[in-house]
Every structure is written in structure tokens, then in C-alpha cells.
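# give me the fold of what follows.
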Amino acid sequence: MISTNLSMIPRVMAAVFALALMTIVGCGGSADNFEHLPIDGTITLDGTPLKSGRVSFIAQDKGGSASADVNEGAFQLRGADGLSPGPYRVEIYSIQPTGKKVPSAEDPTTMIDETKNLVPKQYNAQSELKADIPAGGPKEPLSYALKSAPAKRAPR
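Next up, the predicted model:
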């Protein structure tokens with residue numbers, strides 16, 4: 001007859017759970033097996049710090065993509081949100097209310113705040129902005145000086 005020590009079951013279960021958790025999360029690192037470097041940066045639009053928005057780094061090689069909030073022209077990525085060495089395509093958005101009310105797409109009888117992306121398409125949907133993160137991380141903060149689209153001339 002096999003004797004079972006019931007007092008051992010909670011300890012065994014805890015050890016199995018801890019081992020499973022370490023396998024999923026990893027020991028002191030990210031589960032994606034990429035190096036994650038801390039990144040700081042600034043964004044201006046027409047020489048003024050971008051009040052609020054979002055910056056996204058889309059990996060062009062190996063490594064994970066990441067995004068960060070922009071507050072008063074500054075952003076940072078830390079820990080598992082940091083970037084791995086390699087090339088990235090950069091997209092920047094700043095969706096802000098225009099001060100106008102418009103009908104809701106879901107319920108045209110409801111008026112909602114109209115919003116507009118303050119950052120021109122050449123810096124987001126059609127972005128050619130890049131970041132190349134070196135091994136060990138950038139020596140200086142990343143910096144993006146954006147300019148509004150030039151005003152369209154009226155036909156003569």
C-alpha cells in the first residue's frame with residue numbers, strides 16, 4: 001500500500017506552479033527572447049513640443065514593435081517595452097478634439113466631439129521616419145522635429 005502524506009501536496013503544487021510560471025515568464029527577462037533597451041526621445045511639431053500623442057516603432061527586422069505615449073514632447077520605453085537593436089519604421093499620431101460636434105457614426109442622433117490627427121500623414125500612415133537602434137542602445141535620446149504640411153496655394 002502506498003502511503004500519501006497530505007501535508008506535502010500544497011508544497012508540491014506550489015513548486016509546480018512556480019516552475020510553470022518561470023517557464024512562461026523567464027528568469028528576469030522578457031518572454032520574447034529579445035534584448036529590450038531603454039529608449040528616451042522628444043518630438044516637436046513646428047518647433048513646439050507635441051503636447052500629447054503616441055509614437056510607434058515597427059520592427060523592420062527581428063525584434064518586437066513597441067509604442068509609447070507622448071507627453072509634453074517627451075516619450076520613453078522601459079523594461080519589456082524597450083526596443084531591441086535594429087531598424088524600425090516610426091509612426092507618430094496626435095488625435096485631438098477640434099472643438100466641433102459631429103453626429104456619431106454608431107448613432108447619428110448623438111453628437112460627439114470631432115477629432116483630428118494634428119500630425120501630417122508623412123509622419124504616420126505614410127511615414128518615412130526611421131530609427132536604427134544600435135547594440136547597447138542609443139547614446140542620445142531619439143529626436144523627431146516634425147513640420148506641418150505646407151499650406152496649399154489657391155489657384156491663380
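
# neighbours around D132, how many?
Other residues within reach of D132 by the criterion other CB atoms under 10 Å amount to 10. C-beta coordinates here come from the backbone N, C-alpha and C atoms, glycine included.

# show me what contacts it?
Neighbour list for D132: G86, P87, Y88 [criterion: CB atoms under 8 Å, 6 or more residues apart in numbering].

# what about E72, distance to K100?
E72 sits 25 Å away from K100, going by CB to CB, to the nearest Å.

# contacting residues for L83?
Contact analysis of L83 by CB under 8 Å, 6+ apart lists H36, L37, I39, F57, G63, G64, A66, L77, A131, I133.

# can you do 10 Å?
34-39, 57, 59, 63-66, 68, 77, 131, 133, 137-138, 142 (CB atoms under 10 Å, 6 or more residues apart in numbering).

# what do you get for P97?
P97 neighbours (CB under 10 Å, 6+ apart): I112, D113, E114, T115, K116.

# now the residues you listed in CSV, with pLDDT, distance to S52 and secondary structure?
What follows is the contacts of P97, written out as CSV (pLDDT from 0 to 100; distance: CB to CB, whole Å; DSSP: H, G, I helix; E, B strand; the rest coil):
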residue, pLDDT, distance to S52, secondary structure
I112, 94, 19, strand
D113, 94, 15, strand
E114, 93, 17, strand
T115, 94, 12, strand
K116, 94, 13, strand
